[in-house]
Each structure stands twice: as structure tokens, then as C-alpha cells.
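Asker: need a 3D model of the sequence below.
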Amino acid sequence: RGPLPGLARQYGEAAVELTVTGDPRVIRPRVRGAVMAAPGVMFEAEAGRVTTVDGRTTVTRAPVLVIVRQLGAKARPSARWLGLLPSTGLRVRGQLAPPAREGERIAAVVRVGGGGPSLSLIH
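Answerer: Numbers count the residues shown, from 1 in each chain. So this is what the prediction gives:
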């Protein structure tokens, strides 16, 4: 329900205020075809407010998976992302994507660029 599944199906961009609900963990780099995927960090969160690029803001309460990709295959995940604790509130901007499998518990995947922690703590 809410705006996230629709935006995710369109691979839309949005600013999302969320609360971390799971411990951040490292995503190891892996080879995909002839390309090595960049390392990163992922964690579960609950989205509370979603603002689309056209300025529409919606309040929601939906579980999401946040994936932060670091730039470059040899980049190390930022300690700032890994240090987030459950119940931390933050604001991120990223591209939304649908869950990998139909019927998953999450409403969307929030992909955040990892050129450095682009997060704003809230609460």
C-alpha cells in the first residue's frame, strides 16, 4: 500500500525519511557477467515520509530495504553507514526499485549512491 510500490515499479527517485529497523551489513563485491559489482551496505528500515522529484509528499509506514553502493569495486563501505543503529531516523535520496521477488515483506528497495554518506539524521 501507499506510494512506494507504484514508484518502485517505475524506478522513480524520491527523498525518503525512514527509521532504521535492522543492523546494517556489508554487501561483498561480486562478479556479474564481465563486471564486478561494487561493495556496499544494506539494512532494513521503515519509510515514514516520501517526497517525489515533483515535490509531492506522502506520509506512509512501509518496510523498505536500503542498499548503499560504494563507488568503485575496491571502495570500502563507509563506517558512518555501518554505524547506524536501529531506531535511528534519517533522510536519504535514492532510486526506488521493486523487491526481487513478488510477495516479499518490503514495499520497495531504496538504492542510495555511495559517494560518501549522503544522509541527514532526523529525530
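Asker: and for Gly22, nearest residue in space, chain neighbours not counted?
Answerer: Excluding the flanking residues, the one nearest Gly22 by C-beta to C-beta, 6 or more residues apart in numbering is Glu44, at 3.6 Å. Just so you know, the C-beta spots here come from the backbone N, C-alpha and C atoms, and that holds for glycine as well.
Asker: and the helix or strand the one you found falls within, how far from the chain's centre?
Answerer: Here Glu44 sits within strand 40-52, counting by DSSP states H and E. Remark: strand 40-52 is offset 5 Å from the chain centroid, using C-alpha atoms, centre = their mean, to the nearest Å.
Asker: circling back to that earlier point, verify the stated contact: the residue nearest to Gly22 with Leu18.
Answerer: No - look at Glu44 against Leu18 with C-beta atoms under 8 Å: they stay out of range, at 9.7 Å.
Asker: give the residues shared as contacts by these two.
Answerer: The contact sets of Glu44 and Leu18 overlap at Val64, Val66 (C-beta atoms under 8 Å, 6 or more residues apart in numbering).
Asker: alright, I will stop here.
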